[in-house]
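J.: pasting the sequence and the predicted model now:
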There are 2 protein chains.
Amino acid sequence: MAETNAMGHPKLQPKFPVPSDIQVSQDIVASPGLLPIADVAKEIGLKDDEVIPWGIAKAKVELKSTLNRLASSPDGNYIVCTGINPTPLGEGKSTTTIGLAQALGAILGKKCVACIRQPSQGPTFGIKGGAAGGGYAQVVPMEEFNLHLTGDIHAITAANNLLAAAIDTRMFHEDSQSDEALYKRLCLATNKPFNAIMKKRLVKLGIDPSKSPEDLTADERSKFARLDFDKSTITWQRVLDTCDRHLRRITVGMGKNETIQPRGTVKGETPREQHNRETGFDITVASEIMAVLALAKDLPDLREKLGNMVVGYSKSGQPITADDLGCGGALTVLMKDALLPTLMQTVERTPVLVHAGPFANIAIGNSSIVADRLALKLVGEDGFVVTEAGFGADIGMEKFFNIKCRESGLKPKCAVIVATVRALKMHGGGPPVSAGKPLAVEYIQEDIPLVTAGCCNLAKHIENAKKFGAEFPICSSRIHKTLPVQVVVAINQFKTDTDAEMQAIRQASLDAGAFDAVVSNHWAEGGKGAEKLAEAVVKACKATNSKEFKFLYDLNLPIREKVEIISKEIYGADGVDFSELAEQQMTQYEASGFGSLPICIAKTQYSFSCDASAKGVPTGFRIFVREIRSCCGGGFLYPICGDIMTIPGLPTRPGFYDVDIDTETGQVIGLF
Amino acid sequence: MAETNAMGHPKLQPKFPVPSDIQVSQDIVASPGLLPIADVAKEIGLKDDEVIPWGIAKAKVELKSTLNRLASSPDGNYIVCTGINPTPLGEGKSTTTIGLAQALGAILGKKCVACIRQPSQGPTFGIKGGAAGGGYAQVVPMEEFNLHLTGDIHAITAANNLLAAAIDTRMFHEDSQSDEALYKRLCLATNKPFNAIMKKRLVKLGIDPSKSPEDLTADERSKFARLDFDKSTITWQRVLDTCDRHLRRITVGMGKNETIQPRGTVKGETPREQHNRETGFDITVASEIMAVLALAKDLPDLREKLGNMVVGYSKSGQPITADDLGCGGALTVLMKDALLPTLMQTVERTPVLVHAGPFANIAIGNSSIVADRLALKLVGEDGFVVTEAGFGADIGMEKFFNIKCRESGLKPKCAVIVATVRALKMHGGGPPVSAGKPLAVEYIQEDIPLVTAGCCNLAKHIENAKKFGAEFPICSSRIHKTLPVQVVVAINQFKTDTDAEMQAIRQASLDAGAFDAVVSNHWAEGGKGAEKLAEAVVKACKATNSKEFKFLYDLNLPIREKVEIISKEIYGADGVDFSELAEQQMTQYEASGFGSLPICIAKTQYSFSCDASAKGVPTGFRIFVREIRSCCGGGFLYPICGDIMTIPGLPTRPGFYDVDIDTETGQVIGLF
């Protein structure tokens, strides 16, 4: 009989050298095989009727009934996995999230769930990489994970684009119809009373919602029917989950039938006008609906957030929402299944909840609140939930604490910060690292001074993590006193790393106040490679006092001050400068009631500053806010600091060129 | 204990008056409840490992293993459900398909599967209607059926748009790079040998595919790397499953980064050029990939067809395929799950395979070959498969026979032609019928002369069905001799129809050579209402001799002649006129090896002719072919006769305005 791990499952038998990700996945599926997903669900304590099998080795988990059943159960230990400022190659944050969960579950025998984001399909076929996990620390089957999953991103695409069509079509009809004609078609032709969405708008407009459609005055009819878009303010874009740079900026409405006789003009006297405008596409994961999915607490909250999304402003400066367009209900219907997290498993049969995947720059870059909450209830008091925060800790962890935890009320106990010898060498002054080019010799030979010099970057992240609880300024400390959030550094091992280099990182981590710093080799060894990391995390969780957890800023502060606090405390900036546009926007948001939203700064992940080339811990810089966009449904404002690309392109030889299928076996070839 | 039907399931208890479709569906789900989808699968003879549960009350069926297991089983009786030329309100073709299947299964106790198309989500939120089935003859849960289903249409959107991005990006790179630079990035930078997709292109170009990338001559490298698109010939459009008229015609590539330094020019001397062009979006169901899905026979055939899709022509007139772009493998990987039909059930627990949903004008408007084939094997010799052919029989049935059956090799035994008193009155000279307007008095009061006058339309369809087997010209005959395909007319009953009116239709049907003509009231009564129709269909299937089945035209005839045969024999036209463009295209297709493809004429469904207002059986008209498009992957040419709209718009008050969700129960509100 085969050896078993701490959960009674076949012990992982890693191959050396480690095969490609897809090969590892297909090997595991072939032998020892996956645990039937219904059994994965059962092991983590889900009842049969709380699980909906959904395709190959995937299931969705019922949210409401499961959370109701577990309402009085205590939450498990909440761990966020984040990283230092990375090289463009990535430092293995997702892989560590999965590897740590495997170690906690398969090796230490703890109840454990990993919560990760669904990857965008765009980059999967563009520049290779981007799947969550790799080697022997990954979610399987990886084809299922990377392609379609359970359709959540597709649902977002559908919902987003329905709203986009609603906007252009509404303007088309408003531009060519009188107020009375509009109102007649919208409210009278169907002989129905006002529905809930209409009543919401009536209340917003100060019109008695108990009136029947026939009873509105001419003035009330105009106010109700004419949204009166100021076209220049429309921020809602269409989306696709594809890397398609030619859609970044497009002109729509160029068709021969997309012309109008302008309202109030006479046919023949005034020529018809082409009803076109410039707009663009974003990649689906950069959409506001994705941000909403990540931050929604339950179905009623999803409905509320989707309805409240602001798509633009009227000519008189009033925000126009999805519900003003009558669209919030349909959007929620399209998103109702997407609200349920998807259950999968790791190569060691650890349960994984895959859910949401918002961009880490313009949104929070974290998996969803509902997945984390569900997982915490399922693992219970002695269990562990490892959730990932995208980009480096200056962005991902800060947003995780200040936005996601604030919205969810959940309190993390431990922040795992992933560091690599490679990235710290870069921060120490090593030559540039870029994708697709060979690494410089500094990165493959021992160079302790370079590593040590770069550890300042790691130290600053550790100090930042500790700011969520104590009064500032905080002195770093080696004393393992009880903290709200303990920091454990995961030194993600590469084969060229030397013991001395890794020891240098460990020492620097402890000096900066980390609870512990541990070398981890999960990519090559699976959970076994992360066993010591898992032990450190278990200990760290015991040495916390979540009651002392506090946010970095108060929501009621002016927008300006919130941006300044993050910039100074987390990034180490001297201050913040706002463009004239950003100033106007702050005034507008505060006037429209959006002033008390949390702040989600969009900036480069490669540096604490806004200059991607400023490595280590830059000082003497200021943050420049070019503009501030709003995500009123998701519930945050996002200042733009630097160039933000919201839909990638494809290289000359895109990833898809290597992807094919074995038509005999049905096996996918060349995905990674 | 509750009464049971012929299959041992709870007997349907229809309410009167019939509630809305969504109410009927939600009532059934509440009580007596659905059969677990695994049990639906078991009842129809599927093994556990041939079924993949896929969301709420849905499953996908493994194709290869199931068909292999059943390879030696005889096929069941194959029935196609089609209709007369409809009014804009629709005459209940889908509802009859479902109702007939319910009668064959739940009432007569036969093994029976209905095969229907997945509806587009666009119209679901646009102008109401469009779901397959209604009242007590529908697929449940209807929300699951109408929204997302198992993601097949979303997979098509993703695949289609990946190819679109590949085209624009390739042109972008070709327009700015030398042949050698292109070749280097495509073939040399990765240090890999040529993969299968590349070898296919090498063979096409006459280059030895056993060569390694380094060994190609400069000339060979240029030929391989430069597709050299003639931009004016690109027919590949992007798609969305949304009604969005502003995307019909757009300009892409307007972004500040979508500029190029034209190849061969010097920076500074020649200004950069905006890399933009006009193109457009279609609705996803109008895409070639949807046509491919409907006509693919298995995974290898899917791979082949997707790779062979022609997206445009080179400057020298060579067709450029998805595989030339290196994209066919990735497209197949994106479509591998979509190839598996989705199993659902009717309100009476009859199994339904939902699969594919190609437009009925520019494509075949039929459900998929693989679903039909699977269903025929599952029901076996004494069982029945009812499959639907979209639009009227002049389009849907003709394409079903000449394209779908030719590709599949499957032979239908019976064509059910759905007729209504309403539509026949219109053909008899009644006033126009249009959606959203009250019906004229002629349609709600008995008017036998009007019905009788309109029966010519029905008679012509009956005669057409009989052309697939005998020598023409065919005399209509009341003798029930053995025919390849028998016709049974289903008179779809409305509450205002009188017995005398329905009797008139029955008489006309028999006079025209129908095997039988039966009144059916499945919408209000479910299977019980279609019992007599089902009995007639069972008898008709016995009175056939499929060996005599023959196609209307030979594939090897010139394109022109094939179009003429369909136009004269099926539509009753005097002849066909081709535009100059269409003439050129015929020459080009025949030169490119596409001359022997079958013909899929795109024309109005409201008349035998191309004039939607020409009711009854128009005579003395000619068909004008404006252009002929190709669907080289799907495997047909489609002459365009009239205006074809490939992405609808939204009305002033779109369907989505009434859709919402009860956030307490999660129930969908107002979908239909």
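T.: Structure received.

J.: you'd agree A:Thr96 is up against A:Gln493?
T.: No. Counting by Cβ atoms under 8 Å, A:Thr96 does not reach A:Gln493; the two are 10.5 Å apart. Quick note: C-beta positions are derived from backbone N, CA and C, even for glycine.

J.: what's the overlap in contacts for these two?
T.: Residues within reach of A:Thr96 and of A:Gln493 at once, by Cβ atoms under 8 Å, 6 or more residues apart in numbering or on different chains, are A:Ser520.

J.: between these two, who's got more neighbours?
T.: Shown here are A:Thr96 and A:Gln493; by other Cβ atoms under 10 Å in any protein chain shown, A:Thr96 has more neighbours (29 against 19).

J.: residues touching that one, list them.
T.: A:Cys81, A:Ala137, A:Val416, A:Val418, A:Ala490, A:Asn492, A:Ser520, A:His522, A:Ala530, A:Leu533.

J.: and the fourth one, what element?
T.: This points to A:Val418. strand A:414-419 (DSSP states H and E).

J.: up against chain B, what does the stretch 1-150 of chain A have?
T.: A:52-56, A:60, A:64, A:121, A:125, A:143, A:147-148, A:150 (Cβ under 8 Å from any Cβ of the partner chain).

J.: which of these sits closest to chain B?
T.: A:Pro53 (3.8 Å; Cβ to the nearest Cβ).

J.: what about that closest one, how many residues close to it?
T.: 21.

J.: wait, it touches B:Ala57, no?
T.: No. With contact defined as Cβ under 8 Å, A:Pro53 does not count as touching B:Ala57 (11.3 Å).

J.: A:Gln605 against A:Asn361, yeah?
T.: Yes. A:Gln605 is within contact range of A:Asn361, at 7.4 Å (criterion: Cβ under 8 Å).

J.: tell me which residue of the stretch 451-600 of chain A lies closest to chain B.
T.: A:Leu581 (17.5 Å).

J.: who's in contact with that residue?
T.: A:Arg626, A:Glu627.

J.: again, 6 Å this time
T.: The contact partners of A:Leu581, taken as Cβ atoms under 6 Å, 6 or more residues apart in numbering or on different chains, are A:Glu627.

J.: got a pLDDT number for it?
T.: At A:Leu581, the pLDDT value in this model is 96.

J.: measure it to A:Ala360 for me?
T.: Distance, A:Leu581 to A:Ala360, by Cβ to Cβ, to the nearest Å: 24 Å.

J.: next SSE downstream of whichever helix or strand A:Leu202 is part of?
T.: In this structure, A:Leu202 is located in helix A:196-204 according to DSSP H and E. Where DSSP H and E defines the elements, the next helix or strand beyond helix A:196-204 is helix A:218-225.

J.: elements contacting the helix or strand that that following helix is followed by?
T.: The first helix or strand that comes after helix A:218-225 along the chain, using DSSP H and E, is strand A:238-240. With contacts taken as 3 or more Cβ pairs under 6 Å, 6 or more residues apart in numbering or on different chains; DSSP states H and E, strand A:238-240 sits against helix A:152-176, strand A:281-283.

J.: return the distance of strand A:238-240 from the chain's centre.
T.: The chain centroid and the centroid of strand A:238-240 are separated by 17 Å under Cα atoms, centre = their mean, to the nearest Å.

J.: repeat for stretch A:191-206
T.: Distance, stretch centre to chain centre, for stretch A:191-206: 34 Å (Cα atoms, centre = their mean).

J.: okay, now that stretch: how far is its last residue from its first?
T.: 23 Å (Cα to Cα, to the nearest Å).

J.: still on that earlier bit, do you know which of the helices and strands packed on strand A:238-240 lies nearest B:Met335?
T.: Comparison of these against B:Met335 by Cβ to Cβ identifies helix A:152-176 as nearest, at 13.5 Å.

J.: does that closest one reach chain B?
T.: Yes. Counting by Cβ under 6 Å from any Cβ of the partner chain, contacts between helix A:152-176 and chain B involve A:His154, A:Asn161, A:Leu162, A:Ala165, A:Asp168, A:Thr169, A:His173.

J.: list of residues touching the helix or strand just after that helix?
T.: Using DSSP H and E, the helix or strand that follows helix A:152-176 in sequence is helix A:179-183. For helix A:179-183, contacts defined as Cβ under 6 Å, 6+ apart pick out A:Arg221, A:Ser222, A:Ala225, A:Arg226.

J.: chain B: which of the residues you listed is nearest?
T.: Nearest to chain B among the contacts of helix A:179-183, with distances taken as Cβ to the nearest Cβ, is A:Ala225, at 9.3 Å.

J.: how many neighbours does that closest one have?
T.: Quick note: A:Ala225 (other Cβ under 10 Å) scores 24 neighbours.

J.: contacting residues for it?
T.: By Cβ under 6 Å, 6+ apart, A:Ala225 lies in contact with A:Asp179, A:Leu182, A:Tyr183, A:Leu186.

J.: touching, the last one and B:Tyr657? I think so.
T.: Spelled out, that is A:Leu186. No. Counting by Cβ atoms under 6 Å, A:Leu186 does not reach B:Tyr657; the two are 7.7 Å apart.

J.: the stretch 201-350 of chain A against chain B: which residues are in contact?
T.: Residues of the stretch 201-350 of chain A lying near chain B (Cβ under 6 Å from any Cβ): A:240, A:242, A:244, A:246, A:248-255, A:258, A:299-300, A:303, A:326-327, A:329-330, A:332-333.

J.: now with 8 Å, please.
T.: Within the stretch 201-350 of chain A, the positions lying close to chain B (Cβ under 8 Å from any Cβ) are A:238, A:240-258, A:275-276, A:278, A:280, A:299-300, A:303, A:326-330, A:332-334, A:336-337.

J.: can I get the buried part of those residues as one PyMOL selection?
T.: Typed into PyMOL, the next command selects the buried ones out of these (criterion: 16 or more other Cβ atoms under 10 Å in any protein chain shown):
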select buried, chain A and resi 238+240+241+242+243+244+245+246+247+248+249+250+251+252+253+254+255+258+275+276+280+299+303+326+327+328+329+330+332+333+334+336+337
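
J.: pretty sure A:Leu353 contacts A:Leu376?
T.: No. In this structure A:Leu353 lies outside contact range of A:Leu376 using Cβ under 8 Å: 10.6 Å.

J.: indicate the residue of the stretch 201-350 of chain A located nearest to chain B.
T.: Nearest residue of the stretch 201-350 of chain A to chain B: A:Gly329, at 3.0 Å (Cβ to the nearest Cβ).

J.: residues in contact with that residue?
T.: So A:Gly329 contacts A:Ala196, A:Ile197, A:Arg303, A:Gly307, B:Phe656, B:Val659, B:Asp660, B:Ile661, B:Ile669, B:Gly670 (Cβ under 8 Å, 6+ apart).
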